[in-house]
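Novice: Here you go, sequence then predicted model.
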Amino acid sequence: MNYILDSYFGFGDNIYHIPFVHKLSQQGEVFIYTPFPELFQFQNVFCMKPVTNLKLQLKNMQGNGLYSHCHKPNGQRIRFNYGADLKRMTVIQSFEKVVPLDGEFFFEFTPERSTKVEEILERVKASGKKLCVIRLPSIRKEWPNANRNGKMEYFQLCINALKDSYYFVSVGDIGNGEEFDGTEPQGIDEHRDRHNVNHLDIWDVMDLVNRSDFVLSIQCNMIPICQVLEKKAFIIHGGYVPHWPLSDPRLYQIGYVEPEPFCFCVNRIREHVCKKDIPEDKILSRLKEALWN
Ligand SMILES: [Zn+2]
C-alpha cells in the first residue's frame, strides 16, 4: 500500500510527523506534501511541494533540491487533524488514531553543522559560560496569538537567574513586521532574532539548539525541536494549550511552568485575554528542576 500525506505545514507539526512517515515508509511508498523535506529523508519517502503562502515555509521550499519531480503521488490519502482531539489526548495520540505505530517510535533528526553556529560557539567559549538559546514572546503577523505567550517579565526573571553562568542567544522572527509581546529583556548577549544579516534561519537554529546547554522559550516550535534533539529546555506557558498535549510520554520530557489554573482556550482564542500569572518562586523552582533533570 502507498500513501499520500497532505497535512500540517507548521515546522513543529512536521517534526511530529516523523514517527508516522517513518512507520508508513516501511509499508510502502509515502508521498508527503511538506515545506520541510529535510525532516523526511527516509527510504521510500518522496517529498512534494505543497501550496502555501507562509513565509518560513516558502523560503525553505525555494530552490530546495530535496523535492521529487519524477514521481506521481498515488495511494491512500492520509490527513492528520488534532484540533478536535486536543482537549482529550496528546498530538501524538491524535496522529496515532490515523496511523497506528504498533509500539514503534522513530523520532530522530540530525541537524547539519552551520558555520554561523560555529562562530557563535567561539564567542560562547570566550565568555567562559554555557550556551542558552532563548525564544522570547512575540506576536507573529501570519498567525497572531498572544494568548499562548508566557509573560515577558518571567523571561527577564529567568535571564537574571541564569546570566552569570549562561550566554544568551535569542532566536525567532522578530523585526519583519513581528513585534515582541512586551519590553525586550536585558541581558541577551547576541540578538539573532531579527530579520537582517544576523538572523539565523530555521536550520541554523536547529544546529544551535543541538549544541546548546539549555533552551528558554515560549510555547512554539522550540518544544518539538528540543524533544527531537533531546535538549534540556524550560518553557514558560501563558494560556491556550497546556503542556501535556505536547509532551506525550514517548517524547523526551522537557521542563516547563504554566499558570494554575490553566486557561485551555484553544477553540475560543478571540473571546478574551488569558490570565497568565505564575508565582515567581514557582517559576524559579521549576527552572532549577529543568536544569538538573
Ligand atoms: Zn485563555
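Specialist: Received, thanks.
Novice: and this protein, which residues reach the ion?
Specialist: 239, 263, 265, 274 (Cβ under 5 Å from the ion). Every residue, glycine included, has its C-beta placed from N, CA and C.
Novice: In three-state terms, how would the third one be classified?
Specialist: It stands for residue 265. coil (DSSP: H, G, I helix; E, B strand; the rest coil).
Novice: for residue 59, phi and psi?
Specialist: Main-chain dihedrals, residue 59, degrees, to the nearest 10: phi -60, psi -40.
Novice: start at 414 instead
Specialist: Sure, I'll start counting at 414 from here, so that last one is residue 472.
Novice: What distance do you get for it to residue 689?
Specialist: From residue 472 over to residue 689 the distance is 31 Å, taken as Cβ to Cβ, to the nearest Å.
Novice: Residue 619 too?
Specialist: 28 Å.
Novice: With residue 654 instead?
Specialist: 13 Å.
Novice: Look at residue 472 and residue 689 and report which has more neighbours.
Specialist: Shown here are residue 472 and residue 689; by other Cβ atoms under 10 Å, residue 689 has more neighbours (22 against 13).
Novice: State the number of residues packed around the residue lying closest to residue 438 once chain neighbours are set aside.
Specialist: Nearest residue to residue 438, sequence neighbours excluded (Cβ to Cβ, 6 or more residues apart in numbering): residue 457, at 4.2 Å. Using other Cβ under 10 Å, residue 457 is surrounded by 16 other residues.
Novice: for residue 561, same thing?
Specialist: Residue 561, neighbours per other Cβ under 10 Å, totals 22.
Novice: check contacts around it.
Specialist: For residue 561, the contact set (Cβ atoms under 8 Å, 6 or more residues apart in numbering) comprises 631-633, 650-654.
Novice: residues in contact with the residue nearest to residue 426 when sequence neighbours are not counted?
Specialist: Distances taken as Cβ to Cβ, 6+ apart place residue 420 nearest to residue 426, at 7.2 Å, with adjacent residues excluded. Residue 420 makes contacts with 426, 430, 445-446, 491-493, as judged by Cβ under 8 Å, 6+ apart.
Novice: One more: residue 664?
Specialist: 505, 520, 640.
Novice: a helix runs through the first one, doesn't it?
Specialist: Spelled out, it's residue 505. Yes. When three-state DSSP is applied, residue 505 is found to be in a helix.
Novice: Now for the contacts of residue 420: which two are most distant?
Specialist: 426 and 491 (13.9 Å; Cβ to Cβ).
Novice: check contacts around the residue in the stretch 514-663 of the chain that the ion sits nearest to.
Specialist: In the stretch 514-663 of the chain, the residue that lies nearest the ion is residue 652 (3.9 Å; Cβ to the ion). Shown in contact with residue 652 (Cβ under 8 Å, 6+ apart): 560-561, 672, 675-678, 687-689.
Novice: Nearest residue to residue 517 in space, please, no chain neighbours.
Specialist: residue 436 (5.9 Å).
Novice: The one you found: what secondary structure?
Specialist: Per three-state DSSP, residue 436 ends up helix.
Novice: swap in residue 445?
Specialist: strand.
Novice: Would you check how far apart it and residue 571 are?
Specialist: As for residue 445, its distance to residue 571 is 37 Å (criterion: Cβ to Cβ).
Novice: now swap in residue 426 and tell me
Specialist: Distance of residue 426 to residue 571, computed by Cβ to Cβ: 27 Å.
Novice: ok, these two, which is more surrounded?
Specialist: residue 571 (26 against 18).
Novice: Go ahead and report the secondary structure state at that one.
Specialist: Assignment for residue 571 (three-state DSSP): helix.
Novice: Tell me which residues touch it, please.
Specialist: 629, 647, 649, 696-697, 700.
Novice: and if you look at residue 490?
Specialist: Neighbours of residue 490 in contact, by Cβ under 8 Å, 6+ apart: 416-417, 419.
Novice: Format these as CSV; extra columns: pLDDT.
Specialist: As requested, the contacts of residue 490 are exported to CSV (pLDDT from 0 to 100):
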residue, pLDDT
416, 97
417, 97
419, 89
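Novice: wait, which of the residues you listed is closest to the ion?
Specialist: Nearest member of those to the ion, counting by Cβ to the ion, is residue 419, at 30.5 Å.
Novice: wait, isn't that closest one in contact with residue 463?
Specialist: Yes. With contacts counted by Cβ atoms under 8 Å, residue 419 reaches residue 463, the gap being 7.3 Å.
Novice: Ignoring the adjacent residues along the chain, who's closest to residue 500?
Specialist: Excluding the flanking residues, the one nearest residue 500 by Cβ to Cβ, 6+ apart is residue 677, at 6.8 Å.
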